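Novice: Everything below, folded, please.
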Amino acid sequence: MSTDLLLRPAVMTDAGAVAEVQIAARREAAMPPGIHTDDEVHAWLAAKLAEDEVWVAEVGGVVAGYARVTATWLDDLYVAPSYAGQGVGSALLDVVKARRPGGFCLWVFEMNTPARGFYLRHGLVELEHTDGAANEERAPDLRMAWPGEDPLTFLRGLIDEVDEELGDLLARRAALTHAVQPHKTDTTRDPARERAIAEAMALRAPALGAERLSRIVHTIITESLELP
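Specialist: Alright, predicted model coming up:
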């Protein structure tokens, strides 16, 4: 790491340099092409500097990288290509860890194996793979997390969030199971349909697989049908 590395909070006059770091880094990274023009990136990041916590890394007075963080997410961590491999990214990540000791999450493109390796080496874990339908580039990505100084509490907090969503979904599923019954000419269970449901779910949750999901689907339908 360069001995003249300076880490400091960003100020509004850094907006242009921060945007140029992102533009240059994305062009060199193993990432899908950006969908925004350079001018749009400049305008968007200028607004974010006024909203989010942003730290810059300076080397010899030049902005070499930056990190942008919210209360629970690391949204950006970019290093200019000419400063890659010099410890700038590691230093910025250490700042974010110090600022968010309770832990944080981030998204990284699945294809960006260098970034994934970087985060894994620095103690982050991979949690959730998606098909990319929710990001602008429509490219598969994954959620990673640094579990902070109390990993059990942090990870249980994420579990609690999922359980809340799961409870809502199960309530909807049970209501729909009841609603469809009067419209069926044959009220017996349909194993082929239940298997198809499990196989479709397995595409979203391949780690569980169709067999495990078949058992889960069977239980959900059984318990839903037994409701008064």
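
Novice: domains in the chain, as residue ranges please.
Specialist: As given by automatic domain parsing, the domain ranges for the chain are 5-148, 155-225.

Novice: can you tell me the distance between the two ends of the shortest one?
Specialist: Using C-alpha to C-alpha, to the nearest Å, one end of domain 155-225 lies 33 Å from the other.

Novice: quick check: mean pLDDT across it?
Specialist: Taken as a whole, domain 155-225 has an average pLDDT of 94.

Novice: Can you classify the residue lying farthest from the centre of the chain by secondary structure?
Specialist: Relative to the centre of the chain, the most outlying C-alpha is that of T185, 44.0 Å out, by C-alpha atoms, centre = their mean. Applying DSSP: H, G, I helix; E, B strand; the rest coil to T185 yields a three-state assignment of coil.

Novice: Can you name the next helix or strand after the longest helix anywhere in the chain?
Specialist: The longest helix of the chain (DSSP state H) is helix 151-180. Per DSSP states H and E, the first helix or strand lying C-terminal to helix 151-180 is helix 191-204.

Novice: Of all the residues in that next one, which ones are buried?
Specialist: 195, 197-198, 201-202 (16 or more other C-beta atoms under 10 Å). To be clear about C-beta, it is placed using only N, CA and C from the backbone, and glycine gets the same treatment.

Novice: Which strands or helices does the following helix or strand past that helix pack on?
Specialist: Per DSSP H and E, the first helix or strand lying C-terminal to helix 191-204 is helix 209-225. Here helix 209-225 touches helix 151-180, helix 191-204, going by 3 or more C-beta pairs under 8 Å, 6 or more residues apart in numbering; DSSP states H and E.

Novice: Out of those helices, flag the one nearest E128.
Specialist: helix 151-180 (9.4 Å; C-beta to C-beta).

Novice: can you count the residues close to E126?
Specialist: 14 (other C-beta atoms under 10 Å).

Novice: 36 is where my numbering starts, stick with that
Specialist: Happy to do that; since the first residue is 36 now, the last one works out to E161.

Novice: was I right about it contacting M179?
Specialist: Yes: E161 is within contact range of M179, at 5.4 Å (criterion: C-beta atoms under 8 Å).

Novice: Need the residues touching each of the two.
Specialist: Common contact partners of E161 and M179 (C-beta atoms under 8 Å, 6 or more residues apart in numbering): R151.

Novice: my hunch is that R178 is in a helix, does that hold up?
Specialist: No: under three-state DSSP, R178 sits outside any helix and is assigned strand.

Novice: For it, give me its contacts.
Specialist: Contacts of R178 (C-beta under 8 Å, 6+ apart): 140-142, 161-163, 165.

Novice: Would you convert the buried residues of helix 226-239 into JSON lines that also reports distance to A214?
Specialist: Formatted as JSON lines, the buried residues of helix 226-239 follow (distance: C-beta to C-beta, whole Å):
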{"residue": "R230", "distance to A214": "22"}
{"residue": "I232", "distance to A214": "16"}
{"residue": "A233", "distance to A214": "21"}
{"residue": "M236", "distance to A214": "20"}
{"residue": "A237", "distance to A214": "25"}
